[in-house]
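>>> output the structure for:
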Amino acid sequence: MMKITVDDSYEQMSLIAANDLLALIQSKKNPVLCVASGDSPMGMYKELIKQVKEKDIDVSDWSFVGLDEWVGMNANDEGSCRFHLDNQLFHPLKVPENNISFFDGRANDLENECGRIENFISRHGGIDAAIVGLGMNGHVGMNEPGTAPSMRSHITDIDSITQQVGQKYFKEKRELSKGFTLGLANLMEAHNVFLLVSGSKKAAILKKVLEEEISQQLPAGLLRNHQNLSVYLDLEAASLLQMK
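Predicted structure coming up:
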């Protein structure tokens, strides 16, 4: 079932998403969150941190799985997915390293990284909530157009559009040819998926993802088959939708 929430502003969208996430996971013991870096979820993390501190919420039993990472990078690389999430979420919440499982793009055995992530998810009883954004080509995580729905954690070739857009996270031009990502099968197995999309630049691709026929060419559209998909939009992102 897909639930779409459209709010007047990015700030209001982020607040509602954070409220919904807290309501969901506070009722769970040892919740597991899959988290994505990026502009759209950033406001939600900011609001989540604010509420955790104001309400003195205990997050010591929360576990986190990183959605994706660039091959060749880890937390030590400014601009990496882990670098951003450390600054936006993990450090402000003081999350212990043992509670985080994240692809290490500098690991000696890259294939082993996928197994390590899968084992973490399995050991912790699955993902309670996956927080994801939407790529300019319809990707989710680094599941690029053409990715099979059956794929689990894997190393992927990065689409040219994603390579171009991804440069915004770095001060200098970087080679972004390969990445790690949880697969579409992992996301479909998550108990809940939160898709956050903001800004007018995402309006056209969002319309395709939500209104066109579901296909592998628009990986994020496959989430429409999820039993618990919540979509959070600001007015700019939702401006071209028929389903307002």
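>>> poorly predicted segments of this protein, please.
Across the chain, residues meeting the criterion (pLDDT under 70) sit at 243-244.
>>> what are the ranges of the helices in it?
Secondary structure of the chain (DSSP state H): helices at 10-25, 39-54, 81-85, 91-93, 110-123, 160-166, 184-189, 203-211.
>>> what's the local residue count around Val98?
To be clear, residue 98 is Asn; Val isn't right here. If you count neighbours by other CB atoms under 10 Å, Asn98 ends up with 7. From N, CA and C alone the C-beta is placed, and that goes for glycine too.
>>> now do the same end-to-end measure for stretch 69-78.
12 Å (CA to CA, to the nearest Å).
>>> show me which residues of that stretch are buried.
Neighbour-count burial for stretch 69-78 flags Glu69, Trp70, Val71, Gly72, Met73, Asn74, Ala75, Asp77 (criterion: 16 or more other CB atoms under 10 Å).
>>> can you name the two of those residues that sit furthest apart?
Largest separation among these by CB to CB: Val71 and Ala75, giving 14.5 Å.
>>> any idea how far Phe103 is from Phe180?
Distance of Phe180 to Phe103, given as CB to CB, to the nearest Å: 4 Å.
>>> what's the answer for Phe64, then?
For Phe64, the distance to Phe103 (CB to CB) stands at 12 Å.
>>> any common contacting residues for Phe180 and Phe103?
Residues touching both Phe180 and Phe103 by CB atoms under 8 Å, 6 or more residues apart in numbering: Asp68, Glu69, Glu113, Cys114.
>>> name the nearest residue to the second one, ignoring sequence neighbours.
Meaning Glu69. Distance criterion CB to CB, 6 or more residues apart in numbering; nearest residue to Glu69, sequence neighbours excluded, is Phe103 at 4.0 Å.
>>> and the buried residues of stretch 69-78 as JSON lines, adding distance to Leu48?
As requested, the buried residues of stretch 69-78 are exported to JSON lines (distance: CB to CB, whole Å):
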{"residue": "Glu69", "distance to Leu48": "21"}
{"residue": "Trp70", "distance to Leu48": "25"}
{"residue": "Val71", "distance to Leu48": "29"}
{"residue": "Gly72", "distance to Leu48": "30"}
{"residue": "Met73", "distance to Leu48": "25"}
{"residue": "Asn74", "distance to Leu48": "24"}
{"residue": "Ala75", "distance to Leu48": "20"}
{"residue": "Asp77", "distance to Leu48": "25"}
